[in-house]
Every structure is written in structure tokens, then in C-alpha cells.
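Q: sharing a model prediction with you, sequence too.
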Amino acid sequence: MEDLSLHILDIAENSINAGAKNIEIVITDSLSNDLLTIEIKDDGKGIDAEAQQKVMDPFYTTRTTRKVGLGLALLEEAAKDADGQLKLESELGKGTKVYAVFRLSHIDRKPIGNIVDTIVTIIAGNPELNLKFIYKQDDNKFVFDTTEIKNRIGDLEINSIEIIKFIHQYLSENVNKLL
Ligand SMILES: Nc1ncnc2c1ncn2[C@@H]1O[C@H](COP(=O)(O)OP(=O)(O)OP(=O)(O)O)[C@@H](O)[C@H]1O
Ligand SMILES: [Mg+2]
């Protein structure tokens, strides 16, 4: 995977598979600390302590369609390649938090890539999900919350073409001026 946005899509997919109703994605890039962090938090079914020891192993998966589970292992590798690390916190029945940190200026740090497409893809495929997306920089902060959108659009579906187009444009305008 070339872009961190694709890793984010992958990790959010884990949350959806775990039955999450709420997902929060926070990206922080700090020039002053030379750090990039990505946090993906869900209220899905969680992972028990025993399984938590194994989830970073590429040969551990609860998928039934194939025998490897690479999402977390690949994100950890991307973080380590950029002088960073991955942390996982989870509580059974409560939810899971995945936290990845990277050295922002590291030559091997993958680009963020098209985060707007990642967010729009998650929303379009999971209209019932509440997704909060926060992008923080040293002195800037952008907050996007599908709950607010849903309140404003009334009877319209969040995954209808018009609304998805609107969200795409709104995110592009706000995120691209930060990136
Ligand atoms: N947010 C989460 N909530 C609950 N369980 C999770 C979560 N994220 C990962 N897991 C568990 O950890 C396992 C490994 O996750 P990982 O993303 O590395 O691989 P995968 O999802 O099984 O396969 P792949 O990502 O390659 O499609 C999953 O099969 C699942 O059991
Ligand atoms: Mg996965």
C-alpha cells in the first residue's frame, strides 16, 4: 500500500467488521514536533486480552475467507519504517483504538494520499455509521462529523449521490488547504 489513506480505510474496515456504530479518525501532523499520528477508535466488539497478543501477527485473523490478516501488520510496518510505532488498545465489549505514529519528515514515511476518498468511501458504504473525522495541524483543526450532516439533511440519505458529492467537495475544500 502506497498511501496512509489506504491503511486508514483498511483499519476502519476492521472496525466495521467488528460491528462499530461509531468510528473516530484523527490525523495529527505537527511540524513543530516532526510527528504524524493516526488514531482510529471504534465502539465495536473489541478484542480480548489473549487475541490482543496475536493480532499484529500476519497469520492471525478471524476472517474465514483466507488465512492471513495483514491490515494491522502492514500499518505497523509502515510506522516502523518511518521511525514510529503502532499501539493497540482494546476492551472486549467496549471497542478498540489503533494508534500509529510516524516521524513526519522521515524519508520512508508514506504520504497521506487521498484521505478525502477514504472518508467518502467509508460513508458511502456504511450510511448507518457515525463517522467523525478530525484533522489537526499545529495551529489548525478541522472537524467533520456525519451526525451533524444527518441532522441537517433531514429525510435525504447520507449516501445519496447529491449528499456524497457535497461531502466530497466540502472535505476537498477543507482538507486540501491543510495538506
Ligand atoms: N477494530 C477491531 N475490532 C475488533 N477486532 C479487530 C479489530 N481490528 C482487528 N481485529 C481483529 O484482529 C484481526 C487481525 O486484523 P487485521 O486487519 O490485521 O487482519 P484482517 O482484518 O483479519 O485481514 P485483512 O485486514 O488482511 O483483510 C482481525 O481478524 C480481527 O479478529
Ligand atoms: Mg483488517
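A: Looks like it arrived, so ask away. Ligands and ions are numbered 1, 2, ... in the order given.
Q: rest of the way, CA atoms for contacts and neighbours
A: Will do.
Q: so who does the closest residue to ligand 2 within the chain touch?
A: At 4.2 Å from ligand 2, residue 71 is the closest residue in the chain, using Cα to the ion. Applying Cα atoms under 8 Å, 6 or more residues apart in numbering, we find residue 71 in contact with 7, 10, 11.
Q: gap between the helix of greatest length in the chain and the chain center?
A: Counting residues, the longest helix found in the chain (DSSP state H) is helix 161-176. Offset of helix 161-176 from its chain centre (Cα atoms, centre = their mean, to the nearest Å): 18 Å.
Q: list the contacts of it.
A: Contacts of helix 161-176 (Cα under 8 Å, 6+ apart): 116, 117, 120, 124, 135, 142, 157, 158.
Q: number of nearby residues for the fourth one?
A: The local packing of residue 124 (other Cα atoms under 10 Å) involves 17 other residues.
Q: next, the residue lying farthest from the centre of the chain: secondary structure please.
A: In the chain, residue 155 marks the outermost C-alpha relative to the chain mean, sitting 27.6 Å out by Cα atoms, centre = their mean. The three-state assignment at residue 155 reads coil, by DSSP: H, G, I helix; E, B strand; the rest coil.
Q: spatially speaking, which residue is in the middle of this protein?
A: residue 8 (3.8 Å).
Q: tell me the one of the contacts of residue 71 nearest residue 177?
A: Here the nearest of the contacts of residue 71 to residue 177, counting by Cα to Cα, is residue 7; it sits at 22.0 Å.
Q: distance of that closest one from residue 112?
A: Residue 7 is 9 Å from residue 112, where distance means Cα to Cα, to the nearest Å.
Q: who's more crowded, these two?
A: The neighbour count for residue 7 versus residue 112, taken as other Cα under 10 Å, is higher for residue 7 (19 against 16).
Q: wait, the more buried one touches residue 75, no?
A: Yes - look at residue 7 against residue 75 with Cα atoms under 8 Å: they come within range, at 6.3 Å.
Q: residues near residue 79, how many?
A: 23.
Q: revised request: answer the last question for residue 111.
A: Neighbourhood size, residue 111 [other Cα under 10 Å]: 11.
Q: do the same with residue 131
A: Using other Cα under 10 Å: residue 131 sits among 21 other residues.
Q: dump the residue contacts of it.
A: 22, 23, 24, 25, 123, 145, 146, 147.
Q: one more: residue 137?
A: 28, 29, 30, 31, 178.
Q: now the phi/psi pair for the nearest residue to it once chain neighbours are set aside, please.
A: Spatial nearest neighbour of residue 137, chain neighbours left out: residue 29 (5.1 Å); criterion: Cα to Cα, 6 or more residues apart in numbering. When read as degrees, to the nearest 10, the backbone of residue 29 gives phi -120, psi 130.
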